[in-house]
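S.K.: Predicted model and sequence follow; I will ask about them next.
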Amino acid sequence: MEESFMMADLSMYLLDITSNSIRADASHIMIRFEDSKKKNEISLEIIDDGRGMDAEMVEKVQNPFFTTRTTRKIGLGIPFFKELAEQCEGHFELESKVNEGTRIKCTMKKDHWDVPPRGDIGDALVLALCMNEAIHIHFDYISDEKHFSFDSQEIREILGDVSICEAEISSWCKAYINEGIKEEEKDEVISRFKSSARSDKKAS
């Protein structure tokens with residue numbers, strides 16, 4: 001019987017694919033997470049402006065036994081992402097051009113029993129930002145009712161010279177993202193975040 005390798009939740013897929021973008025020297029990563037009961041669909045799309053791949057490499061990276069990395073024996077994120085889409089009655093898209101970037105999208109049937117939980121999206125995004133603080137990550141979460149956005153450039157403008165990777169700041173960022181995904185009003189979440197950030201800067 002063919003063995004299936006699945007990650008515990010969607011945040012782990014997000015972190016793995018985003019890490020690939022960072023290793024490909026992307027300066028801007030756009031992430032779109034859609035969760036629709038009306039369409040009975042969940043989709044996760046990552047677009048970067050990294051080195052990109054030619055057609056041959058696009059085919060190779062979808063093979064779980066191929067990797068350009070020396071730190072693990074098999075590739076994980078992309079082939080597992082593809083497997084997840086197929087297993088959950090969805091579809092997988094991978095487009096890439098050399099020196100232009102890469103687009104990856106996984107779509108799943110929302111009520112399929114194999115769809116993993118969402119996981120800690122805030123933690124995944126903050127971990128990605130701390131891999132390279134200069135990177136610009138824009139994240140959109142879209143449901144039938146709300147549209148929440150997180151933009152790392154906006155957060156840096158609020159923080160000034162304070163690092164996102166400082167423990168208190170990273171905790172605020174995670175909470176900001178996860179509360180936004182819970183579909184609170186964005187203005188209320190941003191207001192609380194700015195207030196906390198200002199208080200911390202005054203105390204330091």
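M.R.: Okay, I see it.

S.K.: Now do the closest residue to Ser36 other than its chain neighbours, the pLDDT please.
M.R.: The shortest distance from Ser36 to any residue other than its chain neighbours is 5.4 Å, reached at Asp144 (C-beta to C-beta, 6 or more residues apart in numbering). In short, each C-beta sits where N, CA and C put it, glycine included. Listed pLDDT for Asp144 reads 93.

S.K.: low-confidence ranges in the chain?
M.R.: Along the chain, segments meeting pLDDT under 70 span 1-5, 65-76, 183-204.

S.K.: where exactly do the helices run in this structure?
M.R.: 10-23, 55-60, 77-87, 121-131, 152-159, 167-181, 186-203 (DSSP state H).

S.K.: you'd agree Phe139 is up against Phe33?
M.R.: Yes - contact criterion C-beta atoms under 8 Å: Phe139 and Phe33 qualify, at 7.3 Å.

S.K.: Please identify which of these two sits among more neighbours.
M.R.: Per other C-beta atoms under 10 Å, whichever of Phe139 and Phe33 has more neighbours is Phe139, with 25 against 21.

S.K.: Show me the beta-bridge partners of the more buried one.
M.R.: Note on Phe139: beta-bridge partners by DSSP bridges are Ile31, Phe150.

S.K.: Turn the helices of the chain into a markdown table, columns for distance to Glu41.
M.R.: Formatted as a markdown table, the helices of the chain follow (distance: least, C-beta to C-beta, whole Å):
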| stretch | distance to Glu41 |
| --- | --- |
| helix 10-23 | 13 |
| helix 55-60 | 24 |
| helix 77-87 | 11 |
| helix 121-131 | 18 |
| helix 152-159 | 27 |
| helix 167-181 | 17 |
| helix 186-203 | 23 |
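
S.K.: and of the ones you listed, who's closest to Glu93?
M.R.: Glu93 lies closest, by C-beta to C-beta, to one member of the helices of the chain: helix 77-87, at 8.7 Å.

S.K.: Could you list every helix and strand that the closest one packs against?
M.R.: Counting contacts by 3 or more C-beta pairs under 8 Å, 6 or more residues apart in numbering; DSSP states H and E, helix 77-87 packs against helix 10-23, strand 91-97, strand 101-109.

S.K.: contacting residues for the residue nearest to Ser36?
M.R.: Ser36, Lys37, Lys38 (C-beta atoms under 8 Å, 6 or more residues apart in numbering).
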